Every structure is written in C-alpha cells, then in structure tokens.
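1. Pasting the sequence and the predicted coordinates here, then a few questions.
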Amino acid sequence: MAKFLTNRDENYSQWYNDLVIKADLAENSAVRGCMVIKPYGYAIWEKIQAELDRLFKATGHVNAYFPLFIPKSFFSKEAAHVEGFAKECAVVTHYRLKNDENGKGIVVDPTAKLEEELIIRPTSETIIWHSYKNWIKSYRDLPILINQWANVVRWEMRTRLFLRTTEFLWQEGHTAHATREEAIEETLKMINVYAGFAENSMALPVIKGYKSENERFAGALDTYAIEALMQDGKALQAGTSHFLGQNFAKAFDVQFTDRTGKLDYVWATSWGVSTRLMGAIIMGHSDNHGLVLPPKLAPIQVVIIPIYKNIEQLATLSETANKIKAGLEALGISVKYDDRDNNKPGWKFADYELKGVPVRLAIGPRDLENSTIEVARRDNLTKETIPINKVNELIPKLLEDIQSNIYTKALNFRKENTFYVDKWDDFLKVLDNQGGFIMAHWDGTVETGEKIKEETKATIRCIPFDSPEEEGKCVYSGKPSKRRVLFAISY
RNA sequence: CGGGGUGUGGCGCAGUUGGUAGCGUACUACGUUCGGGACGUAGGGGCCGGAAGUUCGAGUCUUCUCACCCCGACCA
C-alpha cells in the first residue's frame, strides 16, 4: 500500500489528484487552470501521439498546422458554433506592453489595441475552413484529409488535472469531402480508429454511439463519441467525431465543381482526442498502490532493480543486469536499470509501483548464484522467480498478458456496472448506489433528457451503435421508445 | 459567479494568553546498511502570500487585498 496516497475508496477524486502529482505526471502551474505536464506524464502523451499519428496516417491523413489565433469575425460565421464556444474564449486585444508611468512595473499599452480582436483557438474549424476556401475548386481537390496536433484554450470555470484544463493538448482532424456519404463514412471511420486505440493501446473498453441532439458539438449535424466507464462509476467521454454536413462550407463559402460541372458546398468532418485520455488511463486502471499503465503506453515497460551490499557486488550485478537490459531492448522493450545508490530496493519497489511500471525485475546475489531473477507484475502485484535465460522469452509474453489482463479487468468492471433499467425507481437506485452505465429507454425528446439531467445529473452519454431495436417505454416519461440509450453521470 | 478551505525552508505541517520561528521529510558530507519505503552523526536552507494599521513588540490581533485548492452551475 502506497503511503502518502489517498485511499481510492475513501475519496476518489482526491486519490486521482494525489496520483497525478505523486506519480510525477503533472502539477498545477502558476497560471490558473493550466498544468505543467512533467516529463514522465509527457512521455505517456508522446506514446499516445505516436500511435494515433500512425493510425491517422495509415488511414490516409496528413498533418498540417494552422494559427493559434483566430480573427473574431471568423467565429461568428457559423451561428451554432459561436454560441457553443463564445462563453469560454480567451481574447487577445493588445499587442504591446510598456513601462508604467508611475514606475510600477509593466502595463498594457492602450495605443497598441488591435483593430480586430483575436480569439485563442478553442478549436480550429473556422480558421481551417477559411483556408480550405482557397484550396478547393473542384472535386479533384477532394478529399482533404488533414490532422493537426495543437494546443487549444477553453476558459472553463472549473478545472482538473488532465480531465479539464484551461489549455490542453489535442489533435483535431478536419476533412473535406465531395459527398455526404463520404463524409459520414469518414466520421465513422475515425470514431472506429479511436475506439480501436482505446481498446488496444489504452486497454480500455469503450462504447461507441451517437450523441443526442443537445450533447452534439456546436455546429455539427451528428456527433459520434466513445464513452468509457471509470472506476468510480462515472462516464468519461474519451473521443468525438463530428459530421459537420455543409455548415462550415456554407459559413465560409467553400464550393466546388463536381463531375457533372455543378457547383455544390463541401461536406465536412472533424474529430479529436485530447490529453484527457491521460485521465482515462489513470482512472481506468490504477489502484491504491498507484498508477497501473498499459504496457503499450508505458514509458518504462520494465525496470530492473539491483539488490546489493557493496560496490563490488553492484558491479557484478550490473554486468548481468545490463546484459538483460540490452537483450530486452533488442526486442523493442523499453527498460530502465535503476542502479541509483540513494534509495534502498524497497523504496524503489514502491516508487515504480506508484509510477505504474508494468514489470519489475529484481536481481540480487542470491539470484546471481542460481542464475535467476525475480519478476513482479504491476497489474496483480504477483511475483515469481524465473531463470535468467528465459527472460527474453517470457517478458514479451508477460507484457502482452498484462495488457490483455487489465483490458479484461476493465471490461468485467464495466459489465458488472452496466444496468438494464426499466423503472424510474431502479434508475435512481443505481445512481444512489455505485453509479455506472445505465441502459434505458428514452422517448427521444430533448425535454426528457434535460429533465433527467436536472433531477439526477445523469445525461445521455450516447445512443450506442449496437443497441438493438426493441419495443419499450421511456424510463422517465413512459412514452414509446425503440431502443435503449446509455445514461451515466459523466466527467 | 455561489459555498467551503488553505497560504510559514523544496514538499508536508506545528506554532498556546502577541515576546523575535520549529518539527517531519527532502537536501549536503561521512560512516554503517541494502531481498518491500534503513540508521547514526554533523551541516546548509525560511521572515511567515501582499499592503496598511494597533502595539514597546505581530506568524499570532484588525482592515483591505492577492493567489491557489475543493464542492456546484458550464464543458473534451
């Protein structure tokens, strides 16, 4: 049991905060709502980026970069879009500072006021579609399949490390298509890429579905999302993909000539995931000992810790340890050999557990005599001793096993915490108890969704793609319904 | 914006009826240790978020102010 870490079952959100800080992933910064992502946390993000980038490119996308600033006027061109984001925009009004005349530091120079204010992007649809207007003339220019890795700013009222910060890192894909069908296909393709990534790399099962009307992205005709269940019974929206129809093409007057010579507006999609995924990984798997990282995203997959009594012994152990390290690295595994002299082995054990390193190898004089090594796995905290000459064979398997084990664990947790509910009382009961996913009938109206939210804080997370058609009655209004939707209290 | 809380060595905290700042930890050095968060000895480091006030004297009392954190409304 990790000392200094709040117990997960006593105070989940305190546990989460503690964990982020103690595992050295991030810390609060001098700027309200903004965090410093520390090297260990950033290393995980880099792994996320690398794999997603690979998946995007494998599906035909390319990277580009657009400005951080968006002229205010761009924003107002798409009505729903402004309305959705206006309340949380940071605005640049001046471009110069000067020395205060009273000698009290530095003030904004009032003569340096911008003609037109600049918005710091909360998302880039507008600035990108402004460019697309110049790029697209003909169906031959389509599709455009662009992704950008960037930071965005949304002035949220309340922030939480990784889950919601004022500035956050993300990727945003912005594609342009000649037909409605092709754009919808793209929207679907990308939500599937996200779901695949969540399940394969993050070891987190997700539910894919449509957002209900009032949960949709500002300016979208349809939003698809992946929803994951966290260990405290709350849902986390882990990624979204939007079918934007011709809204932005119309707002920015982006037309093209199709095969038959006819002029039409371009069809659009956008899709994104953010550093919030870090929060999903943390809350999806970790325990009272600290972080549990999926091997595929762990910056350090294997740590080797020497146990020794003196320098000479350390030298001998290091020789073997370095050989093991080199052998594993040749197999593409990232290994850290921690021969620091300032902490004892026990301290290191606890520290790497806190940091979620999937596999720990401990080697001491006893092992050296027997040509063995102790292998400890982070996911279930079990240990065993294996012959050193089996390391190259067993460790890769073990990493795979841990990856699939934590996925299965998360999947079982979700199964146990998904409730098919038909009565309003039962709906309330689930929320009162442990929370979780609730599959219930809904009459399809915004009003009912709003009322349920008001009374319970639970929202329609999505209408799952695979929710089968069945006759039923809305859990709240009793009106007829054709399929169950996913309700939960969310982050 | 409403409610709650906190600002004191790097971090975590204590500081009584006001008397000139202390503990744990981390850090530095040396020695003993090392199979689940070692120990001893010796060191270095803070002017108490900021401003004004009361007082012979303020970490402590008063007023104002700033910042951050947590809970709610908003949201990825």
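-> Okay, I see it.
2. From RNA strand B, how far off is residue A:45?
-> Residue A:45 sits at a distance of 12 Å from RNA strand B (criterion: C-beta to the nearest atom of the strand, to the nearest Å). Any C-beta I mention is one placed from the backbone N, CA and C, and that applies to glycine too.
3. Would you confirm that that residue contacts residue A:168?
-> No - shown here, residue A:45 and residue A:168 do not form a contact pair, counting by C-beta atoms under 8 Å, at 10.7 Å.
4. Contacts (any at all) between RNA strand B and the helix or strand harbouring residue A:273?
-> Here residue A:273 sits within strand A:267-274, counting by DSSP states H and E. Yes - Strand A:267-274 is in contact with RNA strand B by C-beta under 7 Å from any atom of the strand, via residue A:274.
5. What's the first helix or strand after that strand?
-> Counting by DSSP H and E, the next helix or strand C-terminal to strand A:267-274 is helix A:276-285.
6. so what does the strand holding residue A:273 touch, helix or strand wise?
-> helix A:125-135, strand A:167-177, helix A:180-200, strand A:235-245, helix A:247-251 (3 or more C-beta pairs under 8 Å, 6 or more residues apart in numbering; DSSP states H and E).
7. Run me through the strand neighbours of that strand, direction for each.
-> When sheet partners are counted by DSSP bridges, strand A:267-274 sits next to strand A:167-177 (antiparallel), strand A:235-245 (antiparallel).
8. Domain-wise, how is chain A divided?
-> For chain A, automatic domain parsing gives the domain ranges A:12-61+A:136-285, A:300-398, A:417-488.
9. of all the ones you listed, which gets the most neighbours per residue?
-> With neighbours defined as mean count of other C-beta atoms under 10 Å, the domains of chain A peak in mean count at domain A:12-61+A:136-285, which reaches a mean of 20.
10. Rounded mean pLDDT for that one, please.
-> Domain A:12-61+A:136-285 shows a mean pLDDT of 94.
11. that's a strand at residue A:150, yeah?
-> Yes - judged by DSSP: H, G, I helix; E, B strand; the rest coil, residue A:150 forms part of a strand.
12. Tell me where the longest helix sits in chain A.
-> The helix that spans the most residues within chain A, counting by DSSP state H, is helix A:391-416.
13. can I get the helices and strands packed on strand A:267-274 in CSV with distance to RNA strand B?
-> Supplementary listing: the helices and strands packed on strand A:267-274 in CSV, determined by distance: least, C-beta to the nearest atom of the strand, whole Å:
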stretch, distance to RNA strand B
helix A:125-135, 13
strand A:167-177, 4
helix A:180-200, 11
strand A:235-245, 3
helix A:247-251, 16
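14. what's the distance between the residue most central in space within chain A and RNA strand B?
-> The centre of chain A sits closest to residue A:277, judged by C-alpha atoms, centre = their mean, with a distance of 1.6 Å. Relative to RNA strand B, residue A:277 is positioned 9 Å away (C-beta to the nearest atom of the strand).
15. Would you agree residue A:352 falls within a helix?
-> Yes - using three-state DSSP, the assignment for residue A:352 is a helix.
16. right, and it touches residue A:303 too?
-> Yes - contact criterion C-beta under 8 Å: residue A:352 and residue A:303 qualify, at 5.0 Å.
17. Identify the contacts common to the two.
-> Contact criterion C-beta atoms under 8 Å, 6 or more residues apart in numbering; residues shared by residue A:352 and residue A:303: A:338, A:360.
18. Nearest to residue A:201, out of the strands paired with strand A:267-274?
-> strand A:235-245 (11.9 Å; C-beta to C-beta).
19. Now do that closest one: distance to the chain's middle.
-> Taking C-alpha atoms, centre = their mean, to the nearest Å, the mean C-alpha location of strand A:235-245 is offset from the chain mean by 12 Å.
20. what's the answer for stretch A:405-413, then?
-> 18 Å.
21. And it, what's buried?
-> For stretch A:405-413, a neighbour-count test (16 or more other C-beta atoms under 10 Å) marks A:406, A:407, A:409, A:410, A:413 as buried.
22. Go through those residues and name the one nearest RNA strand B.
-> Checking the buried residues of stretch A:405-413 against RNA strand B by C-beta to the nearest atom of the strand gives residue A:406 as the nearest, at 17.6 Å.
23. Model confidence for the closest one, exactly?
-> With respect to pLDDT, residue A:406 scores 98.
24. out of everything not next to it in sequence, what's closest to it?
-> Using C-beta to C-beta, 6 or more residues apart in numbering and skipping the chain neighbours, the partner closest in space to residue A:406 is residue A:203 (4.7 Å).
25. what pairs with the residue nearest to residue A:255 when sequence neighbours are not counted across the strands?
-> Leaving aside its chain neighbours, residue A:255 sits nearest to residue A:263 (5.1 Å; criterion: C-beta to C-beta, 6+ apart). Judged by DSSP bridges, the bridge partners of residue A:263 are residue A:257.
26. related to what we said a few turns ago, contact partners of the strand holding residue A:273?
-> Applying C-beta under 8 Å, 6+ apart, the set of residues contacting strand A:267-274 is A:52, A:123, A:125, A:129, A:168-180, A:182-183, A:186-187, A:190-191, A:194, A:217, A:220, A:238-249.
27. Pull up the gap between residue A:465 and residue A:449, please.
-> 19 Å (C-beta to C-beta, to the nearest Å).
28. joint contacts of residue A:45 and residue A:168?
-> residue A:275.
29. helices or strands up against the helix or strand hosting residue A:346?
-> When elements are assigned from DSSP H and E, residue A:346 belongs to helix A:345-354. Identification of packing neighbours for helix A:345-354 by 3+ C-beta pairs under 8 Å, 6+ apart yields strand A:302-306, strand A:359-363.
30. near RNA strand B, anything from the last one?
-> This points to strand A:359-363. Yes - using C-beta under 7 Å from any atom of the strand, strand A:359-363 comes into contact with RNA strand B via A:362, A:363.
31. mind listing what that strand pairs with, with the direction of each?
-> Applying DSSP bridges, strand A:359-363 is found paired with strand A:302-306 (parallel), strand A:372-377 (antiparallel).
32. what angle sits between it and helix A:391-416?
-> 140 degrees (axes from the mean of the first three to the mean of the last three C-alpha atoms, to 10 degrees).
33. Give me the contact list for strand A:359-363.
-> A:295, A:301-307, A:317, A:320-321, A:324, A:345, A:349, A:352-353, A:373-378, A:391, A:395, A:398-399, A:402.
34. chain center to it, what's the gap?
-> With C-alpha atoms, centre = their mean, you get 30 Å for strand A:359-363.
35. just checking, what packs against the next helix or strand after it?
-> Sequence-wise, the next helix or strand downstream of strand A:359-363 (DSSP H and E) is helix A:365-370. Here helix A:365-370 touches helix A:311-330, going by 3+ C-beta pairs under 8 Å, 6+ apart.
36. ok, back up a step: is the helix holding residue A:346 anywhere near RNA strand B?
-> Yes - part of helix A:345-354 sits near RNA strand B under the criterion C-beta under 7 Å from any atom of the strand, namely A:345, A:346, A:347, A:348, A:349, A:350, A:351, A:353, A:354.
37. what's near enough to touch the fourth one?
-> With C-beta under 8 Å, 6+ apart as the criterion, the residues that contact residue A:348 are A:303, A:305, A:338, A:340.
38. pLDDT value on the first one, please?
-> What that stands for is residue A:303. 98.
39. Which residue, other than its chain neighbours, is closest to residue A:244?
-> residue A:268 is the one closest to residue A:244 (C-beta to C-beta, 6+ apart), at 3.9 Å.
40. beta partners of the one you found?
-> Counting by DSSP bridges, residue A:268 forms beta bridges with residue A:176, residue A:245.
41. correct me, but residue A:418 touches residue A:434?
-> No - Residue A:418 lies out of contact with residue A:434 (C-beta under 8 Å); the separation is 11.4 Å.
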